[in-house]
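Trainee: pasting the structure only:
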């Protein structure tokens, strides 16, 4: 029997911390589970050099390694994995279907744990110079900027964390933020401000990215002084927010104005048998620790839902 012929107890879209934790809990409870992932296990955490605030790892752990450990644990309990891009899904009936580039998969329940992706600036030159000095992943591309001057856009935790990581390679890191105050937690602010390689440019926006074959400069505008100038730079890293990966949902499930999935405390969505967990759902804190909690809750509730379905089928 192929995976496309099989009826799984639980289909999981996304192999990040939320999805893989759900797979661990569900498979350990003897549910048949298929995780559909489009890239690296671990999701966005795989792009982080070191995960330092997850309980139980006092010295931190590499993001890629953490994702690999989650996947190995899920597989050890019997969860299956498939590498595919989700194109659409059908959730109206009792059996949920997920249509992917590797075929259609069927499940009694479905967990949406598709996470988020980095928001773009949408300024001239950004799209044309992606991969040519425009980056969204310091861990992936930092090595290429040995002794160079680079610019990080953003004022939150991610911008400062990745900016500090980039100082391992770059001669100078400029952190540009459009507001006059940073949004990152105080501890990160203190560490970044104490780093001699980091310089902050606040109340400033990037208006254009220039270059032919590679990034050569950026056009900056200081809002308070109404001043615009061009600054030579070798690379630019974006950390200006996230977009939920929910395009494949169409109008099948309720989402908020920003596209995040609406759930209750048991991770149930507006459609019975469909759950959501992790960064993709509407919530106040998006961290690995909250994602794994979401995944555990979703798996337990999904297990109860499957048991209820099987009881009804047995009586018919």
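Mentor: Great, that's in hand. Being a predicted model, the structure only gives us computed values, none of them experimental. Numbering: from 1, shown residues only.

Trainee: use CA for all of it now, contacts and neighbours both
Mentor: Noted.

Trainee: same for the longest helix anywhere in the chain, what does it pack against?
Mentor: Longest helix of the chain, by residue count under DSSP state H: helix 288-315. Under the contact criterion of 3 or more C-alpha pairs under 8 Å, 6 or more residues apart in numbering; DSSP states H and E, helix 288-315 touches helix 17-28, strand 103-112, strand 274-276.

Trainee: would you turn the ones you listed into JSON lines with distance to residue 219?
Mentor: Below are the helices and strands packed on helix 288-315 laid out as JSON lines (distance: least, C-alpha to C-alpha, whole Å):
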{"stretch": "helix 17-28", "distance to residue 219": "38"}
{"stretch": "strand 103-112", "distance to residue 219": "39"}
{"stretch": "strand 274-276", "distance to residue 219": "40"}
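
Trainee: elements contacting the helix or strand of the chain with the lowest mean pLDDT?
Mentor: Lowest mean confidence among the helices and strands of the chain (mean pLDDT, DSSP states H and E): helix 138-141, at a mean of 81. Judged by 3+ C-alpha pairs under 8 Å, 6+ apart, the packing partners of helix 138-141 are helix 157-166.

Trainee: for the helix it packs on, give the mean pLDDT please.
Mentor: The average pLDDT within helix 157-166 is 93.

Trainee: quick check: angle from the helix or strand just after it to helix 157-166?
Mentor: Using DSSP states H and E, the next helix or strand after helix 157-166 towards the C-terminus is strand 172-177. Angle, strand 172-177 to helix 157-166, by axes from the mean of the first three to the mean of the last three C-alpha atoms, to 10 degrees: 170 degrees.

Trainee: please state the offset of strand 172-177 from the chain centre?
Mentor: What separates the centre of strand 172-177 from the centre of its chain is 23 Å, taken as C-alpha atoms, centre = their mean, to the nearest Å.

Trainee: so for residue 242, what's the pLDDT?
Mentor: 86.

Trainee: do residue 39 as well
Mentor: So, for residue 39, pLDDT stands at 85.

Trainee: wait, what's in contact with it?
Mentor: Taking C-alpha atoms under 8 Å, 6 or more residues apart in numbering as the criterion, residue 39 is in contact with residue 83.

Trainee: phi, psi of it?
Mentor: Dihedral pair for residue 39: phi -150, psi -130, per degrees, to the nearest 10.

Trainee: begin at 14, not 1, for the rest of this chat.
Mentor: Happy to do that; since the first residue is 14 now, the last one works out to residue 52.

Trainee: nearest to residue 16, of the helices and strands packed on helix 301-328?
Mentor: strand 116-125 (6.9 Å; C-alpha to C-alpha).

Trainee: contacting residues around that closest one?
Mentor: Looking at strand 116-125 with C-alpha under 8 Å, 6+ apart, the contacting residues turn out to be 16-27, 32, 107-112, 286-290, 293, 311, 315, 318-319.

Trainee: just the buried members of these?
Mentor: 20-27, 32, 108-112, 286-290, 293, 311, 315, 318-319 (16 or more other C-alpha atoms under 10 Å).

Trainee: any idea which of the helices and strands packed on helix 301-328 gets closest to residue 195?
Mentor: Going by C-alpha to C-alpha, the one of these nearest residue 195 is helix 30-41, 27.6 Å.

Trainee: moving C-terminal of that closest one, what's the next helix or strand?
Mentor: strand 46-50.

Trainee: which strands and helices lie in contact with the following helix or strand past that following strand?
Mentor: Using DSSP H and E, the helix or strand that directly follows strand 46-50 along the chain is helix 76-89. Contacting helix 76-89 under the criterion 3+ C-alpha pairs under 8 Å, 6+ apart are the following elements: helix 30-41.

Trainee: the helix it packs on: how far from the chain's middle?
Mentor: Worked out by C-alpha atoms, centre = their mean, helix 30-41 lies 17 Å from the chain centre.

Trainee: and it, what other elements does it pack with?
Mentor: Against helix 30-41 (3+ C-alpha pairs under 8 Å, 6+ apart) you get strand 20-26, strand 46-50, helix 76-89, helix 301-328.

Trainee: among the helices and strands packed on helix 301-328, single out whichever gets nearest to residue 80.
Mentor: So among these, helix 30-41 is nearest, using C-alpha to C-alpha, at 7.2 Å.

Trainee: avg pLDDT for the closest one?
Mentor: Rounded mean pLDDT across helix 30-41 is 98.

Trainee: how much does it deviate in direction from helix 301-328?
Mentor: Using the same axes, to 10 degrees: helix 30-41 against helix 301-328 is 40 degrees.

Trainee: and for helix 30-41, what's in contact with it?
Mentor: So helix 30-41 is in contact with 23, 25-27, 45-48, 55-56, 80, 83-84, 86-88, 90-92, 124-127, 290-291, 301, 304-313, 316, going by C-alpha under 8 Å, 6+ apart.
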